[in-house]
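Novice: Return a 3D structure for these sequence lines:
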Amino acid sequence: MNILTIAKQGARLLALVLLAGAAAAAPLRVKDLGKVQGWRDNVLVGTGIVTGLAGTGDSPGNRAARQALSNVLSQFNLSVTPEQVNSRNVAVVMVSASLPAFAREGDTLDVQVASSGDARSLLGGNLLLTALRAPNGKVYALAQGPVSVGGHRYDANGNVVQKNHPTAGSVPNGATVEVGMETAQAARSQVTFVLAEPDYTTASRIVAAINAQIGPGLAHARDASGIEVQVPESVRGEPVGFLARLENVLVEPDRRARVVINERTGTVVSGGDVRISPVAISHGDLKVTIASQNSVSQPSFLERAGPGVFTAVVTNTQMDVTENTGVGFLASAGTVSDLVQSLARMKTSTRDIISILRAVKTAGALHGDLVIQ
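Specialist: Modelled structure (predicted):
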């Protein structure tokens, strides 16, 4: 497959991506546009130690590791002072987890483990029982288990072999929830739905859809992000069914005109309704080639030459200027999708299309947000 074929396929693929965005937006469920206020994850964190390392733990000079191991041993009636601890099989780590909404006692959580000392690797280690606390200082979960590290590090005689990042790992389902999250939905007379992307038009449409599909006068928009929904008194004792109906209300959201460009991968994603004004586009390449050739001029005398005669090196330079036929046309008012289709038919590469879109935005002819990643 040659370069020209790859460029053609890239342009066709880009046109298909933009054509897909041109299709009419289908109605979406309310639950796909946001969430009920208060439904969020809660961060838990704790400090623990990982044991069983093969000499890759914290150095004996790390006071935190010595103190932590001494504290653990004291709980089993072993009196060992921090100064007496001399082991590289232990590492002090920071343990974190995310406690989701509606978590109950006995649920398990994934745990992230990261070394906080000078350990070289956590491969093969086991996390000892660690209490995970919320910002209020209350313990919500307990973590323990073997640490899974997607890498390794081995060193000997000054030689080091390392793969990925061996000082951080995870313990799948390593934490057990001890205190569940309280959700007092039954005692609430109203709920607030929060949009993931605040927009006045979308908020207004959601209010109209809820009042039409569930009951008149139940919803009203507080602002571009929050929509307050009154819970009928008859269902306040069992609000699950009402909230399920609320989540499945269909609405057609409004979309902002936006074009996203990733220059590293040559990707362009755009809504098909992003408008452009009439604009003249000219895009081409100027290629300059300079070639130098050195030749030697050697005097051809049968006898000894005079003092002013010597061998000379002559450089011959040739310059060639080639101007390729580029894109040049007048684009009428339309959409970004129409523009890209025209450029694709002219066999314009994806990189050139990105440059043209940036220039059109700079000229003030692209009416939308241009996001460059």
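
Novice: Just the strands from the stretch 201-350 of the chain, written as ranges.
Specialist: For the stretch 201-350 of the chain, the strands defined by DSSP state E, counting those that start in this stretch occupy 219-221, 226-230, 250-251, 258-262, 267-270, 275-276, 279-283, 286-297, 312-323, 327-331, 334-335.

Novice: Show the average pLDDT along the first one.
Specialist: This means strand 219-221. Averaged over strand 219-221, pLDDT sits at 92.

Novice: partners of that strand, with directions?
Specialist: Partner strands and pairing direction for strand 219-221 (DSSP bridges) are strand 226-230 (antiparallel).

Novice: Now do the strand it pairs with, average pLDDT.
Specialist: 91.

Novice: Repeat that for stretch 170-186.
Specialist: 79.

Novice: ditto for stretch 295-314
Specialist: 65.

Novice: change the start of the numbering to 227 and stick with it
Specialist: That works, and once the first residue is 227, the last one we named lands at stretch 521-540.

Novice: Can you give me the first-to-last residue distance of that stretch?
Specialist: 5 Å (C-alpha to C-alpha, to the nearest Å).

Novice: ditto for stretch 272-288
Specialist: 19 Å.

Novice: for stretch 582-594, same thing?
Specialist: End-to-end for stretch 582-594, by C-alpha to C-alpha: 15 Å.

Novice: Please tell me how far that stretch is from the chain's geometric centre.
Specialist: Relative to its parent chain, stretch 582-594 has a centroid offset of 26 Å by C-alpha atoms, centre = their mean, to the nearest Å.

Novice: hang on, Gly371 packs against Thr402?
Specialist: No. Shown here, Gly371 and Thr402 do not form a contact pair, counting by C-beta atoms under 8 Å, at 10.1 Å. C-betas here are computed from N, CA, C, even on glycine.

Novice: Buried residues, stretch 561-577. List them.
Specialist: Residues 561-570, 574-576 are the ones in stretch 561-577 that count as buried (16 or more other C-beta atoms under 10 Å).

Novice: next one: that stretch to chain centre, how far?
Specialist: 28 Å.

Novice: now stretch 261-271
Specialist: That offset, for stretch 261-271, works out to 20 Å (C-alpha atoms, centre = their mean).

Novice: any low-confidence regions in the stretch 277-426 of the chain?
Specialist: For the stretch 277-426 of the chain, residues meeting the criterion pLDDT under 70 lie at 381-384, 408-413.

Novice: which stretches of it form helices?
Specialist: If DSSP state H, counting those that start in this stretch is used as the criterion, the helices of the stretch 277-426 of the chain fall at 289-300, 426-439.

Novice: Of those, give the one that comes closest to Arg448.
Specialist: Taking C-beta to C-beta, helix 426-439 is the member of those nearest to Arg448, at 8.6 Å.

Novice: orientation of the closest one relative to strand 452-456 in degrees?
Specialist: Put simply, helix 426-439 runs at 10 degrees to strand 452-456, going by axes from the mean of the first three to the mean of the last three C-alpha atoms, to 10 degrees.

Novice: possible to save the helices of the stretch 277-426 of the chain as JSON lines with distance to Asn362 and mean neighbour count?
Specialist: Converted to JSON lines, the helices of the stretch 277-426 of the chain look like this (distance: least, C-beta to C-beta, whole Å; neighbours: other C-beta atoms under 10 Å):
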{"stretch": "helix 289-300", "distance to Asn362": "24", "mean neighbour count": "17"}
{"stretch": "helix 426-439", "distance to Asn362": "33", "mean neighbour count": "17"}
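
Novice: for those helices, which one sits closest to Ile580?
Specialist: The closest of these to Ile580 is helix 426-439. By C-beta to C-beta, the value is 29.2 Å.

Novice: number of nearby residues for Val256?
Specialist: 24 (other C-beta atoms under 10 Å).

Novice: So what's the residue count around the closest residue to it other than its chain neighbours?
Specialist: Closest residue to Val256 in three dimensions, ignoring its sequence neighbours and counting by C-beta to C-beta, 6 or more residues apart in numbering: Val475, at 4.6 Å. Residues lying near Val475 (other C-beta under 10 Å) number 22.

Novice: Would you report the backbone torsion angles of Val475?
Specialist: The phi/psi pair for Val475 (degrees, to the nearest 10) reads phi -70, psi 130.

Novice: My guess is it contacts Gly441. True?
Specialist: No. Judged on C-beta under 8 Å, Val475 makes no contact with Gly441 at a distance of 11.2 Å.

Novice: hmm, back to that, which among the buried residues of stretch 561-577 gets closest to Val316?
Specialist: Nearest member of these to Val316, counting by C-beta to C-beta, is Thr576, at 52.7 Å.

Novice: Let me see the confidence value for the closest one.
Specialist: pLDDT, read off for Thr576, is 78.

Novice: That one contacts Gly492, doesn't it?
Specialist: Yes. Counting by C-beta under 8 Å, Thr576 does reach Gly492; the two are 4.5 Å apart.
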